[in-house]
Each structure stands twice: as structure tokens, then as C-alpha cells.
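> starting from these lines, generate the structure:
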Amino acid sequence: MKSLGVTLDHYLSFDQHVNSVCKACYFHIRALRHVRESLPDEVAKKVACSIVTSRLDYCNALYHNMSEANFAKLQLVQNTLARVVVRKRKYDHITPSLRELHWLPVKHRSTFKIATLTHKLLQHHQPAYLYDLIQPYVPPRELRSSDKGLLRVSRVNKTTTSAAFRHSSPEIWNSLPQDIRDITSLTLFRRKLKTHLFAVALDAPR
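Below is the predicted model of the structure:
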């Protein structure tokens with residue numbers, strides 16, 4: 001079934017959707033590669049974001065707990081795009097290129113999207129149909145975690161259920177450092193969140 005451009009299969013594996021996204025992205029990457037030498041660096045970056053990265057980011061909040069194999073396919077697309085934009089060779093290490101472009105890896109872009117949406121919900125309580133899915137964590141007795149702004153994580157038994165927003169939102173929100181969760185300004189939250197995810201994704205020892 002296809003809904004709003006996202007292909008959904010019986011198991012919500014997103015296998016077919018990811019393959020479709022990759023196919024479309026590689027088509028545009030090949031086109032960009034043909035004209036890359038004629039484009040200034042900033043223009044190439046903007047074109048890459050508008051015709052490829054936008055496809056990788058579309059509805060990526062649905063990707064939470066998606067298979068590592070599918071994330072790897074999408075990450076390969078982003079790596080290929082980054083090499084075209086910064087004019088690196090096929091086997092050059094990709095981390096310096098992603099850092100130079102200031103691009104979060106695909107999996108962390110999904111985390112960024114869900115965390116940002118959760119922040120908006122907690123600050124504005126809108127849209128109501130999503131806000132009603134999350135609840136503050138209230139411990140059975142007074143604990144130090146009571147005032148940390150945590151959300152209640154629902155119990156799940158299936159992989160498909162773990163991708164639901166009512167589960168992914170609290171899970172990701174609770175994993176953030178408290179100083180980020182405490183930020184009320186959306187602009188500052190997004191900036192601090194991206195810095196944090198960059199440290200997790202690109203600065204961690206390998």
C-alpha cells in the first residue's frame with residue numbers, strides 16, 4: 001500500500017520503500033555528477049540538498065527501529081552524494097566529508113526529526129492527535145528522576161509496534177541529555193541537538 005508517497009508492506013519493513021528511494025536518489029546523483037565541475041561548491045550543496053537529501057528526509061520519522069540493512073542502503077546514498085559534492089574519490093573515508101558538509105548520518109537524521117517533533121509537542125501541545133500519544137513519566141514513588149522531564153515509554157512486543165510514535169518519541173526523548181531536554185527555545189534546541197548527535201555519530205571512537 002502506498003500512502004503520501006510512502007510504500008507500506010505487511011510487516012512495515014520499508015524494504016520496498018527504501019529501494020524506491022535509493023533508485024530515485026541515485027538517478028539524481030548521476031545527473032549531479034555530470035554537471036558538478038560546472039557548479040560552485042555552495043550551489044552544488046544546495047542542489048544536492050534539494051533533489052536528494054530532501055528525499056532521504058521525507059517521512060524519515062517512520063524509520064525508527066528500521067532494519068540496519070535498510071539504514072545502510074540509505075547511508076550509502078548519502079555517502080555517495082557527499083563524495084560528489086566535495087569531489088572525493090569512491091574509497092575516501094566519508095566521515096570528514098560529512099563533517100565538512102555538516103550533514104548528520106541518515107539514522108541520526110531520523111532521531112533529529114522525532115526529537116524535534118517531540119519538543120514542539122511538549123512546548124505547544126499541538127497537534128493534539130500526536131500530543132495525546134505521549135505522557136510524562138510519573139514514578140510510583142518520589143525519585144530523583146521525577147523532575148527530569150522524562151516521558152513514559154510504553155511496553156511493546158513486536159518490531160512493528162516499536163516503530164509507533166507513542167513508543168519512538170519517549171524512547172528518543174529520554175535518551176537525550178537533560179540540559180537539552182530542558183531547552184524551551186526551538187532554535188536553540190535544534191542547534192544543541194544537532195551538536196549532540198554529531199558527537200554521537202561522527203566523533204565517537206571507531
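> quick one: contacts of stretch 169-181?
Residues from elsewhere that reach stretch 169-181 (CB atoms under 8 Å, 6 or more residues apart in numbering): 64, 111, 114-115, 117-118, 121, 133-134, 137, 148-154, 189, 192-193, 196. Just so you know, the C-beta spots here come from the backbone N, C-alpha and C atoms, and that holds for glycine as well.
> with just CA atoms, put stretch 90-100 into CSV.
Presented in CSV, the C-alpha positions along stretch 90-100 are these (Å, rounded to 0.1, in the frame of the first residue of the first chain):
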residue,chain,number,x,y,z
LYS,A,90,35.0,6.5,-4.2
TYR,A,91,37.1,4.9,-1.4
ASP,A,92,38.0,8.1,0.6
HIS,A,93,36.9,8.0,4.2
ILE,A,94,33.4,9.5,4.4
THR,A,95,33.4,11.0,7.9
PRO,A,96,35.5,14.1,7.1
SER,A,97,33.2,14.8,4.1
LEU,A,98,30.0,14.5,6.3
ARG,A,99,31.6,16.8,8.9
GLU,A,100,32.7,19.3,6.2
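> buried residues, that stretch. List them.
Within stretch 90-100, the residues scored as buried using 16 or more other CB atoms under 10 Å are 94, 97-98.
> mean confidence for that stretch?
Taken as a whole, stretch 90-100 carries a mean pLDDT of 88.
> so what touches that stretch?
Residues outside stretch 90-100 that contact it (CB under 8 Å, 6+ apart): 78-79, 82-83, 85-86, 88, 104-105, 198, 202.
> which of those residues tops the neighbour count?
For the contacts of stretch 90-100, the largest number of neighbours (other CB atoms under 10 Å) sits with residue 85, at 25 neighbours.
> and it, what element?
Per DSSP states H and E: residue 85 is located in helix 68-86.
> please verify my assumption that residue 108 contacts residue 195.
No - using CB atoms under 8 Å as the test, residue 108 is too far from residue 195 to be in contact (11.8 Å).
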